[in-house]
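K.L.:
pasted the sequence and its predicted model underneath.
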Amino acid sequence: MKQNGWKKEYEELITTLRADKNNYAIQLAISLMKKSPGISYHSLMVEGLIGIGNLEYATKIAMSFTKYIIDDQEAVDFANITHANLLTASGKIMEAFEYYEAGLRPSDTIECPRINAYGTICRELALSRFGEGFSPDHLLNCLTSAKRNKDTFLIALSSAYILIAKTYLKQAFDFEFAQPLIDNIDQNSYTGLKALAYIATLLNGCYDDNYQVLIIDLIVKLVLRCEGVKAGFFLISDFFARHHNQIGDLTTGNDFIGWMNKYLKPIQEYQIQQDSLLFAKLPDEPYMNLMDCAHCDGRCCYDGVYITAAEEVQIKDTIIRYPEYFQQIPPNFTETGEWGFLFHGKRTIRVPHEYTANDFPSHFLHTKCIFAYTNGECSLQKVATDKGYHPWKFKPASCWQFPLIGLFNDNALEHPHYFGVKDPGFCDEKHPGYVSFMPCSKTVPTGKSWKNVFKNEIQFYMYKLEKKTNHKDDL
């Protein structure tokens, strides 16, 4: 990115951001913006604002990016990646992936290697929050590349994010795995990352009881050296919840609580405020268990998926571009399907598949969509995530929106779900329903609000609806 003659101050800004001296970094960014206004300094200021938890002001700055018309592709990419990091911190992960895609430009031949590497690492951590189990392996690849290029910051970033991602995904690891990664992170240059790496390792039970006291004290000291952090917010909250007694016994315990109130509480409050905007006029009921697609038998795919003509064309184009992901797909991958007398149309063909769950519906066939791998992954989603696109870019809308089938209808804002009421797929005894027979549609009195359970789907739907509305207004 162009530094417009202010190299020394720019380098100081970068150094302070990486050490999570975020308040000081913001001051430096403001100073540089006054001397030479530009999108690069605005992006760095957003990074600092994320760190101190001021997501509302960071959002205002990020939304102003569009007014800049510049010829510096690296700066544009960094602005998009920064905006994606902001959306991730705000709890808007599915929107964030659109900006990661814009910053990584997977279809473009123009390359900005270092920004691309940074964005890829950040995106993989967001994918772990989304529940993609392979993100730690991808981050290990990022670490290998960073070591090859001798980039100490990217080595530290990928090392910390591997441990954070595994903790998010509840993937166990031991001390022997963690220690080399922790050693990759210099605690003076990358203080926040060092603290988060220790926290992830502690939460995974890698230290014995005697050593835990020393590690907890070290983590608190490292955290207090930081003016907030830019990732791993949930881990710090989990760390305090699990070890609040030991933290309270430290002479710095009250300081740590004050730190959390200053830097983490605003992020939590902002996320709650944003969540309250999701279908605000609709009730929080019904309540449901949290959905976990990674540990589901994928019965929603048993009948294939009904697709539009435009979606069929897009899938064909995707197969042509990335044939290695679709070795199991025949040239003609659709057939005519119907559900009783309620509807019919083109759907993806199905292949035999054995379901073993005791509650598998008797009126469901033992089949699965042709685009599903044997391990349950969707090939259309995997190619998107692997290649840097939004995970749902190539998937039919009815796949990523399921089981919120009301989102297909004109009255979606008034009635977006059918949980706990008569199944809209009820036809006759041979077709007694569809949605209500899915694990992800079961209602429980002590569960979470349906809005919380399907937060990603709802946010992305409303985001796409807003984009569509704004586009019409511009015409």
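P.N.:
Right, received. Where do you want to start? Numbers count the residues shown, from 1 in each chain.
K.L.:
what's the burial count for Tyr270?
P.N.:
Tyr270: 19 surrounding residues under other Cβ atoms under 10 Å. Just so you know, the C-beta spots here come from the backbone N, C-alpha and C atoms, and that holds for glycine as well.
K.L.:
so it touches Leu55, yeah?
P.N.:
Yes. Using Cβ atoms under 8 Å, Tyr270 is in contact with Leu55, at 4.5 Å.
K.L.:
which neighbours do those two have in common?
P.N.:
Applying Cβ atoms under 8 Å, 6 or more residues apart in numbering, one finds that Tyr270 and Leu55 are jointly contacted by Ser90.
K.L.:
let me see the contact set for Thr144.
P.N.:
Counting by Cβ under 8 Å, 6+ apart, there are no residues that Thr144 touches.
K.L.:
please begin residue numbering at 26 from this point
P.N.:
That works, and once the first residue is 26, the last one we named lands at Thr169.
K.L.:
can you read off the pLDDT for it?
P.N.:
Thr169 is assigned 97 on the pLDDT scale.
K.L.:
helix, strand or coil for it?
P.N.:
Put simply, Thr169 is helix when judged by DSSP: H, G, I helix; E, B strand; the rest coil.
K.L.:
so how far is Gly217 from Ile261?
P.N.:
Between Ile261 and Gly217 the computed distance is 10 Å (Cβ to Cβ, to the nearest Å).
K.L.:
neighbours around Arg130, how many?
P.N.:
Neighbourhood size, Arg130 [other Cβ under 10 Å]: 18.
K.L.:
hang on, it packs against Asp102?
P.N.:
Yes. Applying Cβ under 8 Å, one finds Arg130 in contact with Asp102, separated by 6.9 Å.
K.L.:
between Ile261 and Gly217, who's got more neighbours?
P.N.:
Neighbour comparison, Ile261 and Gly217: the larger count goes to Gly217, with 28 against 21 (by other Cβ under 10 Å).
K.L.:
pLDDT at that one, what is it?
P.N.:
Per-residue pLDDT puts Gly217 at 97.
K.L.:
nearest spatial neighbour of it, chain-adjacent residues omitted?
P.N.:
Spatial nearest neighbour of Gly217, excluding adjacent residues (Cβ to Cβ, 6 or more residues apart in numbering): Asp45 at 3.6 Å.
K.L.:
three-state assignment of the one you found?
P.N.:
Asp45 falls in the coil class when you classify it by three-state DSSP.
K.L.:
and it, what does it touch?
P.N.:
Gly76, Thr216, Gly217, Arg250, Cys251, Glu252, Gly253, Val254, Lys255.
K.L.:
output the longest helix anywhere in the chain as PDB - backbone C-alpha positions only.
P.N.:
For the chain, the longest helix by residue count, based on DSSP state H, is helix 480-499. The C-alpha coordinates for helix 480-499 follow below in PDB (Å, rounded to 0.1, in the frame of the first residue of the first chain):
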ATOM      1  CA  LYS A 480     -28.900 -16.100  12.900                       C
ATOM      2  CA  ASN A 481     -26.500 -16.700   9.900                       C
ATOM      3  CA  GLU A 482     -29.300 -17.600   7.600                       C
ATOM      4  CA  ILE A 483     -31.500 -14.700   8.700                       C
ATOM      5  CA  GLN A 484     -28.700 -12.100   8.500                       C
ATOM      6  CA  PHE A 485     -27.600 -13.200   5.100                       C
ATOM      7  CA  TYR A 486     -31.200 -13.200   3.800                       C
ATOM      8  CA  MET A 487     -31.800  -9.700   5.100                       C
ATOM      9  CA  TYR A 488     -28.500  -8.500   3.700                       C
ATOM     10  CA  LYS A 489     -29.300  -9.900   0.300                       C
ATOM     11  CA  LEU A 490     -32.800  -8.400   0.400                       C
ATOM     12  CA  GLU A 491     -31.300  -5.000   1.300                       C
ATOM     13  CA  LYS A 492     -28.800  -5.200  -1.500                       C
ATOM     14  CA  LYS A 493     -31.600  -6.100  -3.900                       C
ATOM     15  CA  THR A 494     -33.700  -3.200  -2.800                       C
ATOM     16  CA  ASN A 495     -30.900  -0.700  -3.000                       C
ATOM     17  CA  HIS A 496     -30.100  -1.900  -6.500                       C
ATOM     18  CA  LYS A 497     -33.700  -1.300  -7.600                       C
ATOM     19  CA  ASP A 498     -33.600   2.200  -6.100                       C
ATOM     20  CA  ASP A 499     -30.400   3.000  -8.100                       C
END
